[in-house]
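1. just coords:
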């Protein structure tokens, strides 16, 4: 720290000037390339981000993906229809149940099979539960990324309730593999409904806690308001979907506006939007969506019909020749499957349209010109799952 | 059967593909009206309209969809290889666990002129309709106009399609590898690209398969469940 030569003391003020001079020299060196990831806490997995910096400002950003590419589109061509659900469980691993639904739906449409009402309602309940499990984690993690540690622990604590429910019903915490073509593997276990009601009330309280702690918090708002604004038109052209697009003021939810599926046409729910399009808006919309999902589950539990949970399905499943496009509103956005069948026991080609892939594809545009700390905020607020990008 | 279905617009009810409803039919009509003979054929993917256009009308189709049909949302762009995968013959012919597909080349909704096609889905966030557009790719040339000038999000989708099928998108700013390492050779989603994992080692599920009782029964396994094996 200080000069050590005896009898020779440097003037501390001179030292400071020297340090300033060095800083200035560094600032003048122009662009610097910074590698974020592939192993970085803010990337939730193996997303690598190459950013070119001018001082603290991002000049260009290039996401490098594919570290987790598992080639699911190829693998589906080597599997039978029932086997494919095992694969697609692992696309967006936080909401696996919601991934299964559209693929099974596509197969059912092609085979002209309809699942019985009870199965449809239980599917809807479990889809909404996986939505809560997915987004609830975001509600805490978003705080973590901008420096608030506590909400993350709350999120993990309460999410456990939902995961326990999913595990009790399906046997799997993350990969339920519970859907069958024509229905479900099992009915709900005894006592599950009361347990679910209790958990949903806890989730609703938890949402209030997040709102109290983060929304309106000066630091949180300073870090998120006006950061990473996605214009509605550009977002749509990039295929940004789900809460990310609704936070830009686009009032579009496939549960309400798409081809009717599951029990959604019979439910009373509100689609939340926010006009700002910034990171704060994305947080706020997701917060409301989680509440709405918990309310929907309560509604669904009240109206759960009785009856069988499996339709009559041939023992060996052969899907007739044809093509089918289905899309659903998954926790992370639009999930779609384009299934091409040639009448065999397995699909000929499956195009998997995953939400995070398109949501992240806007990053090069979105990150241009922002400051380095905002990069983390924006990554967190887009909320992607690596498996959903890389498939 | 495929020949008959190819001619009519909606293959009504056949093979689980319901006819297009009014709104979908209106979308198809509008495209046909704007593109003229650019539209080759139309079909249905379980009620979702499919329109196959000529290659020189591919970009124009995107513009019409975006500006006149309000399809502001790009869902995906991808490719398809209609050629059936070569199946290994004989006992040591590699993996045989994959479901058997028909050996002859047939084409799906709205048909195809050759082996490769590019298809894309766009939707309207305001009018809540969507359309799947298809375009034939010439086997020898493998080129299609890029959609990046119309939909910004086409960038990554086209990069993926390029590396997976080897289809070049004219006008794309930088066709680089997206998922695969830069030095990767081959196009994995083509049907003649083998699934190497299965070539190296047979599907583990096949190893411990015992013959069903009654069919090619081993010693000691006789009539036990013969009725069941047939169903």
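-> Here it is on my side, so go on. Please read these numbers as outputs of a predicted model, since none were measured by experiment. Numbering: from 1, shown residues only, chains lettered A, B, ... in the order given.
2. hang on, residue A:74 packs against residue B:189?
-> Yes. Counting by Cβ atoms under 8 Å, residue A:74 touches residue B:189, with 5.9 Å between them. Just so you know, the C-beta spots here come from the backbone N, C-alpha and C atoms, and that holds for glycine as well.
3. Between the two, which is the more surrounded one?
-> Per other Cβ atoms under 10 Å in any protein chain shown, whichever of residue A:74 and residue B:189 has more neighbours is residue B:189, with 21 against 18.
4. Mind jotting down where the strands sit in the chain?
-> I'll assume chain A. Taking DSSP state E as the test, the strands found in chain A are A:31-36, A:48-54, A:57-64, A:179-180, A:183-184, A:322-330, A:333-341, A:349-353.
5. was after chain B, sorry
-> Under DSSP E, chain B gives strands at B:39-45, B:48-53, B:73-81, B:116-123, B:130-137, B:143-145, B:168-170.
6. a markdown table for those, including mean pLDDT and mean neighbour count?
-> Output for these, formatted as a markdown table (pLDDT from 0 to 100; neighbours: other Cβ atoms under 10 Å in any protein chain shown):
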| stretch | mean pLDDT | mean neighbour count |
| --- | --- | --- |
| strand B:39-45 | 87 | 23 |
| strand B:48-53 | 91 | 26 |
| strand B:73-81 | 92 | 26 |
| strand B:116-123 | 92 | 26 |
| strand B:130-137 | 91 | 24 |
| strand B:143-145 | 91 | 20 |
| strand B:168-170 | 91 | 17 |
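7. Nearest to residue B:67, out of those strands?
-> Among the strands of chain B, strand B:116-123 comes nearest to residue B:67, with 11.5 Å by Cβ to Cβ.
8. My read is that residue A:264 contacts residue A:258, right?
-> No. With contact defined as Cβ under 8 Å, residue A:264 and residue A:258 do not form a contacting pair (9.0 Å).
9. Spell out for me which residue occupies the centre of chain B.
-> With distances taken as Cα atoms, centre = their mean, the residue of chain B nearest its centroid is residue B:80 (3.9 Å).
10. beta partners for that one?
-> On the basis of DSSP bridges, residue B:80 is bridged to residue B:117.
11. so what's it up against?
-> Shown in contact with residue B:80 (Cβ atoms under 8 Å, 6 or more residues apart in numbering or on different chains): A:340, A:349, A:351, B:108, B:116, B:117, B:118, B:119.
12. Now residue B:176: closest residue in space, sequence neighbours ignored.
-> residue B:159 (6.3 Å; Cβ to Cβ, 6 or more residues apart in numbering or on different chains).
13. Can you pull the poorly scored residue ranges out of the chain?
-> Chain wasn't specified; assuming chain A. In the predicted model of chain A, residues A:1-30, A:39-44 satisfy pLDDT under 70.
14. Oops, wrong one, chain B.
-> In chain B, residues with pLDDT under 70: B:1-18, B:88-97, B:201-213, B:215-231.
15. quick one, longest helix in the chain?
-> I'll assume chain A. In chain A, taking DSSP state H as the definition, the longest helix is helix A:117-145.
16. my bad, chain B
-> helix B:22-35.
17. closest point of the stretch 51-200 of chain A to chain B, which residue?
-> For the stretch 51-200 of chain A, the residue closest to chain B is residue A:66, as judged by Cβ to the nearest Cβ, at 3.7 Å.
18. From what I see, that residue and residue B:176 are in contact.
-> No. Residue A:66 sits out of contact with residue B:176 when judged by Cβ under 8 Å, with a separation of 11.2 Å.
19. Between the two, which has more neighbouring residues?
-> A direct count of neighbours by other Cβ under 10 Å for residue A:66 and residue B:176 places residue A:66 higher, at 20 against 11.
20. Next, format the contacts of residue B:80 as JSON lines and append distance to residue B:43.
-> Putting these into JSON lines (distance: Cβ to Cβ, whole Å) gives the following:
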{"residue": "A:340", "distance to residue B:43": "12"}
{"residue": "A:349", "distance to residue B:43": "15"}
{"residue": "A:351", "distance to residue B:43": "16"}
{"residue": "B:108", "distance to residue B:43": "8"}
{"residue": "B:116", "distance to residue B:43": "18"}
{"residue": "B:117", "distance to residue B:43": "12"}
{"residue": "B:118", "distance to residue B:43": "16"}
{"residue": "B:119", "distance to residue B:43": "11"}
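21. Let me see the contact set for the residue of chain B found nearest chain A.
-> In chain B, the residue found nearest to chain A is residue B:99; the distance is 3.1 Å by Cβ to the nearest Cβ. By Cβ under 8 Å, 6+ apart, the contact set of residue B:99 is A:78, A:79, A:80, A:344, A:345, A:346.
22. The nearest residue to it once chain neighbours are set aside: neighbouring residues, count only.
-> Leaving aside its chain neighbours, residue B:99 sits nearest to residue A:346 (3.1 Å; criterion: Cβ to Cβ, 6+ apart). Using other Cβ under 10 Å, the number of residues around residue A:346 comes to 23.
23. before we move on, what about residue A:38?
-> For residue A:38, the neighbour count with other Cβ under 10 Å is 17.
24. these two touch, right, it and residue A:65?
-> No. The criterion here is Cβ under 8 Å, and residue A:38 misses it with residue A:65 at 9.3 Å.
25. so what's in contact with these two at the same time?
-> Contact criterion Cβ under 8 Å, 6+ apart; residues shared by residue A:38 and residue A:65: A:47, A:48.
26. residues in contact with the closest residue to chain B within the stretch 201-350 of chain A?
-> Closest contact between the stretch 201-350 of chain A and chain B, by Cβ to the nearest Cβ, is at residue A:346 (3.1 Å). Counting by Cβ under 8 Å, 6+ apart, residue A:346 touches A:76, A:77, A:78, A:79, A:80, A:81, A:83, A:84, B:98, B:99, B:101.
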